[in-house]
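**Student:** Make a model of this:
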Amino acid sequence: MKSYAPVKVFVLIVTLVFIIGSCSKDDGETSYDLSGDWKVAYYIENGRKITKADKNTWPDSNNGDITASFSKPDIEGKGTISGITVTNSYQGEYTIDGIGKITIGSVYSTLINEPEWTQLYNIIAVQSFEIRNSELLMYYNDGEIIIVFERN
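**Tutor:** Residues are numbered from 1 along each chain as shown. Okay, here's the model as predicted:
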């Protein structure tokens, strides 16, 4: 009689190696609860990471930060957004439509000169979002531009 035990052990080892190898520490859990306070950490434009200048040139204006506060959406997926874009405050409404889909409606803002850092902050153009590895990722321009937030 032939013993198939070594073959079974081999198959089991290969399976375990495959399962363990396919797991990654970067595969954070994805969620969609954006309610709370956030600030822009950086942007990604066409795969290129864009950060705030090392030397903050706007320390007297919101520490040079861009912030967003999202209320918890109601049963219809509607909520409010407000924040500061370094020198201007803004407020408006948003609607979540399905998992990760978002529409930001009319946003009202003050209009004072802004630093270059805010040029990619086009919050009304955002089409989708997700929270991954404790970062809120908001996509627009068909995903070519990503606003990356961290909890504030």
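**Student:** In the protein, spot the strand with the most residues.
**Tutor:** strand 36-45 (DSSP state E).
**Student:** I'd like to know which elements that one is packed against.
**Tutor:** Here strand 36-45 touches strand 48-50, strand 66-70, strand 145-151, going by 3 or more CB pairs under 8 Å, 6 or more residues apart in numbering; DSSP states H and E. For every residue, glycine as well, the C-beta is placed using N, CA and C.
**Student:** Now with 6 Å, please.
**Tutor:** strand 66-70, strand 145-151 (3 or more CB pairs under 6 Å, 6 or more residues apart in numbering; DSSP states H and E).
**Student:** beta partners of the residue nearest the centre of the chain?
**Tutor:** Closest residue to the average C-alpha location of the chain: Leu137 at 1.4 Å, with CA atoms, centre = their mean. With DSSP bridges applied, Leu137 shows beta-bridge pairing to Glu130, Val148.
**Student:** Could you tell me which residues within the longest strand of the chain count as buried?
**Tutor:** Within strand 36-45, the residues scored as buried using 16 or more other CB atoms under 10 Å are Trp38, Lys39, Val40, Ala41, Tyr43, Ile44.
**Student:** so Asn152 makes contact with Lys39?
**Tutor:** Yes: if you go by CB atoms under 6 Å, Asn152 and Lys39 touch, sitting 4.3 Å apart.
**Student:** any shared contact partners between the two?
**Tutor:** Thr67 (CB atoms under 6 Å, 6 or more residues apart in numbering).
**Student:** on that earlier part again, contacting residues around the residue nearest to the centre of the chain?
**Tutor:** Glu130, Ile146, Val148.
**Student:** picking up where we left off before, deepest-packed of the helices and strands packed on strand 36-45, please.
**Tutor:** Of these, the one with the most neighbours on average (mean count of other CB atoms under 10 Å) is strand 66-70, at a mean of 21.
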